[in-house]
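>>> coords please:
(2 chains)
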Amino acid sequence: MEPTRDVETRDFIRRFVAEDLAAGKNECRVHTRWPPEPNGYIHIGHGMSILLSYSIAQEFGGKFNLRFDDTNPVAEETEFVEAIQRDVAWLGANWEDRLFFASGYFEQLYQWAEHLIREGKAYVCDLTAEQISEYRGTAVRDGDRMVTPPGNDSPFRNRSVEENLDLFHRMRAGEFPDGSKTLRAKIDMMHPNLNMRDPVLYRILHVDHHRTGSTWCIYPTYDWTHGQSDAIEGITHSLCTLEFENHRPLYDWFLDNLPVPHRPRQIEFGAVGISYTVMSKRYLKQLVAGHYVSGWDDPRLPTVAGLRRRGVTPEAIQAFVKGIGVTKSEGMIEMAYLEHHIRQDLNKASARVMAVLNPLKVVITNYDEGTSEALEAVNNPEDPSAGVRSVPFSRELYIEREDFMEDPPKKFYRLSPGSEVRLRYAYFIRCEDVIKDEDGNILELHCTYDPATRGGDAPDGRKVKATLHWVSAPDALQIETRLYDHLFSVENPLSPPDGKTWLDTLNPESLEVRSNCWIEPSVADAAIGSRFQFERLGYFCLDADSTPEKLVFNRTATLRDSWLKAQQKAD
RNA sequence: UAGGGCGUAGCCAAGCGGCAAGGCAGCGGCCUUUGGCGCCGUGAUCGAAGGUUCGAAUCCUUCCGCCCUAACCA
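Numbers count the residues shown, from 1 in each chain, chains lettered A, B, ... in the order given. Next comes the predicted model:
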């Protein structure tokens, strides 16, 4: 393969890859991978690394693997293996036929462990987890400061090759109970990097694995598995987040001391968070397990499944990720930045439709009772090819309650007593009368329309300041809408205000369900997952909870609302 | 404490010794049959202090702040 030219080297990783290519490394191949542990659903932070590894492979004409890092059977499940594949594919990363499992390399890893033992570079250790920690020189608290004692060799460090081989075989054979022995690399107990102080390679776990069943009772650790898996698959650039930077010397040590078929390179980048949400599996798990949300795919969650259900497109996520860039600094992206890319994509791609979420009845008193007509509406002003549709109009309509004010402030140019507005694609109407109940609550509006303004233009050239969306009451479908807001009420829930926990910062108004909403009939047969822009309101997506009798829409994002903003400023 | 990493406008981010890109947010305006979209305008001397240099965000020194690791998790 020729080194790829003209690739945009817009970040330090692409620069490294380009340099490696220019230097003729890896037979001029580029091959990346994404290595999830199947112990939960993936979130948009994972999405960033998936898309980073995948797009680099794409740009350099290389390949991309999906490999499950399934070395800890205690936490891993097939359900997650399936969910992760679904989510990675949906995001747009294509591993073609290269779906792998680290568990598929268990036998090879075992052979390489024996190799290390024979070389005198690994030994079976009988220390307990706690003792290993002590011998390693784990930092201890001394008053208000931490002290790091030096490391000490394990008393089992100098067992003979024969004894180690024998014990290791018997570990595999199941002769020893969980936790009683480990296989450790013999590196350097004085090494400044604690990862190099004789790391554990194998631990005993009499637990069934979701793929290998009861074949094994010893399982390799992450460090012992990762680089070798990369080597087996011919991975050239192994991208991971910054917390693994400390592990790179160990990653390299294994590759240097084993007869591996290939030499991959690990490169670390900074992961970013998003404001008003949490992004670690641990916290997401708690939210799901504690029923703070409806499940892994709750539309308020930053999980890929949640974003998908909410109506976010993969294209929006791809643009978002590309927009953030890649660096070694770990930042906090504002949720507004994600929302911007969601709107940007949906604005171009989604069909417009009219729906009323907080209905106020309007009677057009000079429109003939019992008649109706079909008006033509544009499906997407951003995309002429989306065509037009017809929308029924009749004597009784619903408009948004927020679009009428009896006693309007200065810059309110929607409907008010005596004022004239345009109903989108329909007519100009004027409010003649406000009908109230005994308590003064507004029940309905009586308006007149101007037949000459059909379609929304006045032949006499008179202007109107506002255009309102509406639906025809007898024709509209009643729907449920689910209006979402930030899951948390603070930017960073993980550093909550004094005396509060992160769960205390959950936003009690993150979900508002409205059951009395109305929508034009054109959406009656829309497929689950269809996305629309409800004119003047926001982007909505047809939820899987919908039935033919009752459609349910999730609000993906609101439209920007400068009137709302101006009002909030006035308050 | 040890080892590693980061520090350019509210957020993200270019820049790699020669007058500090861009995007998001904010603000002001234009346009408008979505108070949407689009368009125009608007902000920083680069964590701090020293030093090298004709010239430093970019090189050196010291300091400060934040993050990660110190599991037989990944």
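>>> for the rest of this, base every contact and every neighbour count on C-alpha atoms.
Fine.
>>> for residue A:166, phi and psi?
The phi/psi pair for residue A:166 (degrees, to the nearest 10) reads phi -60, psi -50.
>>> try residue A:440
Torsion angles, degrees, to the nearest 10, at residue A:440: phi 90, psi 0.
>>> neighbours around it, how many?
Counted with other CA atoms under 10 Å, residues neighbouring residue A:440 total 8.
>>> check it and give its pLDDT.
Per-residue pLDDT puts residue A:440 at 94.
>>> for the lowest-mean-pLDDT helix or strand in chain A, the distance to its chain's centre please.
Least confident helix or strand of chain A, by mean pLDDT, DSSP states H and E, is strand A:140-142 with a mean of 79. Taking the mean of its C-alpha atoms, strand A:140-142 sits 39 Å from the chain's own mean (CA atoms, centre = their mean, to the nearest Å).
>>> do the same with stretch A:167-179
On CA atoms, centre = their mean, the centre of stretch A:167-179 falls 41 Å from that of its chain.
>>> likewise stretch A:426-435?
45 Å.
>>> what does stretch A:465-477 give?
Relative to where its chain is centred, stretch A:465-477 has its mean C-alpha point 35 Å off (CA atoms, centre = their mean).
>>> that stretch: end-to-end distance?
Stretch A:465-477 has an end-to-end distance of 29 Å (criterion: CA to CA, to the nearest Å).
>>> distance of the residue in the stretch 401-550 of chain A that RNA strand B sits nearest to from residue A:469?
As assessed by CA to the nearest atom of the strand, RNA strand B sits closest to residue A:456 within the stretch 401-550 of chain A, at 2.9 Å. According to CA to CA, residue A:456 stands 12 Å off from residue A:469.
>>> list the residues that contact both of these two?
A:423, A:424 (CA atoms under 8 Å, 6 or more residues apart in numbering).
>>> and the contacts of the least confident helix or strand of chain A?
With CA under 8 Å, 6+ apart as the test, strand A:140-142 has contacts from A:146, A:147, A:148, A:149.
>>> returning to that earlier point: the residue of the stretch 401-550 of chain A closest to RNA strand B reaches residue A:449, doesn't it?
No. If you go by CA atoms under 8 Å, residue A:456 and residue A:449 don't touch, sitting 11.0 Å apart.
>>> spit out the residues that contact those two alike.
Between them, residue A:456 and residue A:449 share the contacting residues A:427, A:428, judged by CA under 8 Å, 6+ apart.
>>> quick one, helices of chain A?
A:12-22, A:44-59, A:78-91, A:106-118, A:129-136, A:161-173, A:222-233, A:248-256, A:281-289, A:304-310, A:314-324, A:335-349, A:562-570 (DSSP state H).
>>> which of those helices sits most buried?
Across the helices of chain A, averaging neighbours per residue (mean count of other CA atoms under 10 Å) puts helix A:304-310 on top, at a mean of 24.
>>> low-confidence ranges in chain A?
Scanning chain A for pLDDT under 70 picks out the ranges A:1-9.
>>> mind doing that once more with 80?
Applying pLDDT under 80 to chain A flags the ranges A:1-9, A:141-145, A:571.
>>> returning to that earlier point: partner strands of the least confident helix or strand of chain A and their direction?
strand A:145-147 (antiparallel) (DSSP bridges).
>>> mind checking how far the strand it pairs with is from the chain centre?
Worked out by CA atoms, centre = their mean, strand A:145-147 lies 38 Å from the chain centre.
>>> next one: stretch A:197-207
The gap between where stretch A:197-207 is centred and where its chain is centred comes out at 33 Å by CA atoms, centre = their mean.
>>> then stretch A:552-560?
Chain-centre distance of stretch A:552-560: 17 Å, with CA atoms, centre = their mean.
>>> buried residues in it?
Within stretch A:552-560, the residues that qualify as buried are A:552, A:553, A:554, A:555, A:556, A:557, A:558, A:559, counting by 16 or more other CA atoms under 10 Å.
>>> from those, which land in strands?
If you go by DSSP state E, the buried residues of stretch A:552-560 have A:552, A:553, A:554, A:555, A:556, A:557, A:558 in strands.
>>> quick one: which of those is nearest residue A:525?
The shortest approach to residue A:525 among these belongs to residue A:552, at 12.7 Å (CA to CA).
>>> so what's residue A:319 up against?
Counted by CA under 8 Å, 6+ apart, residue A:319 has contacts residue A:341.
>>> residues of stretch A:505-517 that come out buried?
Applying 16+ other CA under 10 Å to stretch A:505-517 flags A:505, A:506, A:511, A:515, A:517 as buried.
>>> specify the beta-bridge partners of the third one.
Applying DSSP bridges to residue A:511 yields these beta-bridge partners: residue A:484.
>>> right, and it touches residue A:483 too?
Yes. Using CA under 8 Å, residue A:511 is in contact with residue A:483, at 5.7 Å.
>>> what bridges to residue A:399?
The residues that residue A:399 bridges to, once DSSP bridges is applied, are residue A:360.
>>> please list the residues of the stretch 201-350 of chain A that sit near RNA strand B.
Contact residues (CA under 7 Å from any atom of the strand) of the stretch 201-350 of chain A with RNA strand B: A:202-204, A:220-223, A:242-246, A:323-334, A:336-337, A:340, A:344, A:347.
>>> give me that answer again for 6 Å
A:203-204, A:221-222, A:243, A:245-246, A:324-329, A:331-334, A:336-337, A:340 (CA under 6 Å from any atom of the strand).
>>> now the strands for the stretch 351-500 of chain A?
A:351-353, A:355-356, A:359-364, A:372-378, A:388-394, A:396-400, A:420-423, A:428-436, A:442-449, A:467-468, A:471-472, A:477-484 (DSSP state E, counting those that start in this stretch).
>>> the third one - contacts with which helices or strands?
Same thing as strand A:359-364. strand A:396-400, strand A:442-449, strand A:511-519 (3 or more CA pairs under 8 Å, 6 or more residues apart in numbering; DSSP states H and E).
>>> equivalent analysis for the first one, please.
Contact partners of strand A:351-353 among helices and strands, from 3+ CA pairs under 8 Å, 6+ apart: strand A:531-534.
>>> with adjacent residues omitted, what lies nearest to residue A:212?
Once flanking residues are discounted, residue A:212 sits nearest to residue A:103: 7.1 Å by CA to CA, 6 or more residues apart in numbering.
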